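>>> Mind folding the following:
(one chain, ligands or ions: 1)
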Amino acid sequence: MLNFVTTNPGKVREATAYLDDEVVQFDFDYPEVQADDLGAVAAHGAREAYRAADGPVIVDDAGLFIDAFDGFPGPYSSYVEDRVGIDRVWRMTEPESDHGAAFKTVIAYCDGEGFTATPEPGGVDRGETPSEPRGQDLAGEASRGGATTDEQVAGGEGALPVKLFEGRVPGELVAPRGEGGFGFDPIFEHDGTTFAEMSTDEKNAVSHRGRALAKFAEWYVTR
Ligand SMILES: O=P(O)(O)OP(=O)(O)OP(=O)(O)OC[C@H]1O[C@@H](n2cnc3c(O)ncnc32)[C@H](O)[C@@H]1O
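Just a heads-up that it's a prediction; the model follows:
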């Protein structure tokens, strides 16, 4: 059994559709660290949640990165969805010449144990294809090239190990269409279809979360 630490049932639906193991929503609203890096936020959350949960946990920190706004709202997407709303985010983007955007997610796994997989030189597994099942051990080592977040990801000396899996999907922002999904799905179009017009399985097949879950699932069964 795997605890998916989230207040968002949409994320759990997507993970359940993907993983063979039983996935249970663990509604634990951990204090999110303020960081420009999804990995740092997810790693921190996974450690906090593991201490509160009875078993292994995954935390997914995700966001919408809009090209015209240099990646805004990124890690602050949940806040912007609540305070600004997806209609106004679309209206802000509409006058821009570039409507490009990407969803990104980092899944952090923690079970209180160390991991045996070999760390990849150069950082967290940032590949995009579901066929790359590698994560990285981040216990107590500042192993990434980023400027501000190495220490937050590594968690300092003696910190519980976490393993990170990233997924990204490019797309275009459009006027809202569709009833499915959650969050910014109605204004995010990929290959002519918004995520809100897709079924959960269709979205998982191409989405940031699906890609990260694929990497996680492949590692999880063989770890
Ligand atoms: O933190 P938890 O409790 O898991 O739930 P959350 O929904 O607040 O999750 P995040 O902190 O990861 O915030 C991500 C925000 O990014 C947006 N988002 C992330 N993944 C998305 C997806 O697959 N489809 C649409 N919007 C998404 C949405 O606005 C989320 O609120």
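>>> pretty sure Pro170 belongs to a helix, no?
No. Checked against DSSP: H, G, I helix; E, B strand; the rest coil, Pro170 lies outside a helix; its state is strand.
>>> Would you confirm that it contacts Ala102?
Yes. Using Cβ atoms under 8 Å, Pro170 is in contact with Ala102, at 4.8 Å. C-beta coordinates here come from the backbone N, C-alpha and C atoms, glycine included.
>>> Tell me which of those two has more neighbours.
Ala102 (18 against 15; other Cβ atoms under 10 Å).
>>> and that one, helix, strand or coil?
Assignment for Ala102 (three-state DSSP): strand.
>>> Give the bridge partners for it, please.
Phe65, Pro170 (DSSP bridges).
>>> wait, it sits on Val169?
Yes. Using Cβ under 8 Å, Ala102 is in contact with Val169, at 6.4 Å.
>>> any shared contact partners between those two?
His208 (Cβ atoms under 8 Å, 6 or more residues apart in numbering).
>>> Please identify the buried residues of stretch 44-58?
Within stretch 44-58, the residues that count as buried by 16 or more other Cβ atoms under 10 Å are 44-50, 53, 56-58.
>>> what does this protein have sitting close to the ligand?
6-8, 11, 60-64, 77-78, 81, 103, 181-185, 195, 207, 209 (Cβ under 6 Å from any ligand atom).
>>> mind running it again at 8 Å?
Counting by Cβ under 8 Å from any ligand atom, the chain comes close to the ligand at 5-8, 10-11, 14, 29, 32, 38, 41, 45, 59-64, 73, 75, 77-78, 80-82, 86, 103, 105, 181-185, 188, 195, 203, 207-209.
>>> Among the residues you listed, which are located in helices?
10-11, 14, 38, 41, 45, 77-78, 80-82, 86, 203, 208-209 (DSSP state H).
>>> Among those residues, name the buried ones.
10-11, 14, 38, 41, 45, 77-78, 80-81, 86, 203, 208-209.
>>> Out of the ones in helices among the residues of the chain next to the ligand, which one has the weakest pLDDT?
Here the lowest pLDDT out of those sits on Glu14, with 85.
>>> Now the two most distant members of the ones in helices among the residues of the chain next to the ligand.
Gly45 and Ile86 (23.7 Å; Cβ to Cβ).
>>> any idea which element Val24 lies in?
strand 23-26 (DSSP states H and E).
>>> List the buried residues for that strand?
Result for strand 23-26 [16+ other Cβ under 10 Å]: buried residues 23, 25-26.
>>> in its sheet, what does it sit against?
For strand 23-26, pairing defined by DSSP bridges yields strand 2-5 (parallel).
>>> What's the local residue count around whatever residue of the chain ends up closest to the ligand?
Closest to the ligand within the chain is Gly183: 2.5 Å, counting by Cβ to the nearest ligand atom. For Gly183, the tally of surrounding residues (other Cβ under 10 Å) stands at 20.
>>> same deal with Gly39?
So Gly39, with other Cβ under 10 Å, has 29 neighbours.
>>> Thr7 too?
Neighbours around Thr7, by other Cβ under 10 Å: 12.
>>> Would you confirm that it contacts Asp29?
Yes. Contact criterion Cβ under 8 Å: Thr7 and Asp29 qualify, at 5.7 Å.
>>> Tell me the secondary structure at the residue lying closest to Ala68 once chain neighbours are set aside.
Once flanking residues are discounted, Ala68 sits nearest to Glu96: 3.9 Å by Cβ to Cβ, 6 or more residues apart in numbering. When classified by three-state DSSP, Glu96 comes out as coil.
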